[in-house]
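# Can you look at this prediction? I've put the sequence above it.
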Amino acid sequence: MSNTAVNNIAVNDTASPLVVAIDGPAGSGKSSVSRATATSLGFDYLDTGAAYRALAFACLARSIDTSSPDAVIAQLVDFDYEIGIDPADYFVSVGGEDVTDAIREPRVTAVVSAVARVPEVRAYLVALFRQIIAASAKSGIIVEGRDITTVVAPDAKLRILLTASEEARMGRRSAEISGESAETTAKQLASRDAADSRVVDFMNAADGVITVDSTDLDFDQTVAAVVDLVRVAEGRAEIPTN
Ligand SMILES: Nc1ncnc2c1ncn2[C@@H]1O[C@H](COP(=O)(O)OP(=O)(O)O)[C@@H](O)[C@H]1O
Ligand SMILES: Nc1ccn([C@@H]2O[C@H](COP(=O)(O)OP(=O)(O)O)[C@@H](O)[C@H]2O)c(=O)n1
């Protein structure tokens with residue numbers, strides 16, 4: 001297996017990886033379930049939301065007005081972003097600085113939707129995601145976000161919409177975030193989903209996309225459900241009956 005570097009992205013010249021596309025609203029479990037599934041299957045894992053967050057972080061670091069599309073677009077020229085796609089070595093960096101935790105701060109979450117709704121930003125990042133996917137040297141890659149099943153990888157071997165009731169999603173998120181009331185977390189999550197869904201529809205499964213509803217599944221059961229679907233997609237198992 002050999003890899004070459006083009007524009008800082010290692011290009012895998014072996015067979016293309018099996019692509020698993022996962023979309024869904026905030027708090028449905030996309031990142032955690034995708035990462036655990038990738039670990040269990042020996043696949044890579046690409047968190048696309050991290051790129052939008054990293055760009056929002058870079059804008060804030062330079063005091064850029066994130067409500068100005070032109071100002072945000074101007075940041076793309078020297079947006080020096082890197083992400084780890086090995087689920088055992090997940091990191092996000094901007095300009096060589098590790099921002100893995102910083103991009104989850106509420107001040108970044110508060111402006112990320114404004115950055116993500118700019119069409120030029122989306123076109124730039126979609127192209128980057130496709131390069132990263134093509135460069136995966138593993139047998140598969142799980143890619144999660146909002147528009148993966150419809151825009152980034154509509155031809156993925158397996159496409160999943162991961163959902164959970166609003167109540168379950170908000171409960172999970174507020175359990176993670178300390179320092180903010182459950183009510184504040186719930187309001188912020190709902191308003192971000194509303195803003196994001198004006199740009200891409202990630203609440204309804206597109207044709208051919210399988211819905212996995214994790215409302216009544218615990219974390220391990222959700223991972224097991226996704227692993228089962230991957231085995232079916234690989235032709236290694238029959239379609240699960242429940
Ligand atoms: N099925 C589940 N049952 C309980 N908790 C879950 C489940 N799926 C995910 N979680 C937890 O919910 C939280 C939000 O998950 P996360 O992966 O960050 O969601 P997303 O990436 O969709 O925003 C995490 O703390 C995660 O461990
Ligand atoms: N494929 C994607 C992924 C994220 N995003 C944007 O990036 C933001 C952060 O994504 P995320 O996946 O980290 O969000 P969480 O649901 O994990 O909080 C979202 O609120 C969207 O605005 C997007 O527009 N398209």
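Now that the structure is in, tell me what you want to look at. Ligands and ions are numbered 1, 2, ... in the order given.

# Show me which residues of the chain are close to ligand 1?
Taking Cβ under 6 Å from any ligand atom as the contact definition, the chain meets ligand 1 at 24, 26-33, 172-173, 176, 214, 217-219, 222. Heads up, the C-betas are built off the backbone N, CA and C, glycines and all.

# at 5 Å instead, please
By Cβ under 5 Å from any ligand atom, the residues of the chain that approach ligand 1 are 26-32, 172, 176, 214, 217-219, 222.

# Can you name the two of the residues you listed that sit furthest apart?
The largest separation in the residues of the chain next to ligand 1, counting by Cβ to Cβ, is between 26 and 218 at 19.2 Å.

# neighbour count winner among the two?
Neighbours per residue (other Cβ atoms under 10 Å) separate residue 26 from residue 218, with residue 26 holding more: 19 against 9.

# Quick one, which of the residues of the chain next to ligand 1 are buried?
26, 27, 28, 29, 30, 31, 172, 214, 217, 222 (16 or more other Cβ atoms under 10 Å).

# ok now do residue 66, which residues does it touch?
56, 59, 60, 72, 111, 114, 115 (Cβ atoms under 8 Å, 6 or more residues apart in numbering).

# Give me the three-state assignment for the fifth one.
When the structure is reduced to helix, strand and coil (DSSP: H, G, I helix; E, B strand; the rest coil), residue 111 reads as helix.

# hmm, back to that, what would the residues of the chain next to ligand 1 look like in a markdown table with secondary structure, distance to residue 65 and pLDDT?
Converted to a markdown table, these look like this (DSSP: H, G, I helix; E, B strand; the rest coil; distance: Cβ to Cβ, whole Å; pLDDT from 0 to 100):
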| residue | secondary structure | distance to residue 65 | pLDDT |
| --- | --- | --- | --- |
| 26 | coil | 24 | 93 |
| 27 | coil | 28 | 92 |
| 28 | coil | 31 | 95 |
| 29 | coil | 33 | 95 |
| 30 | helix | 29 | 97 |
| 31 | helix | 28 | 97 |
| 32 | helix | 33 | 97 |
| 172 | helix | 32 | 89 |
| 176 | helix | 29 | 79 |
| 214 | coil | 37 | 96 |
| 217 | coil | 42 | 97 |
| 218 | coil | 43 | 96 |
| 219 | helix | 39 | 97 |
| 222 | helix | 39 | 98 |
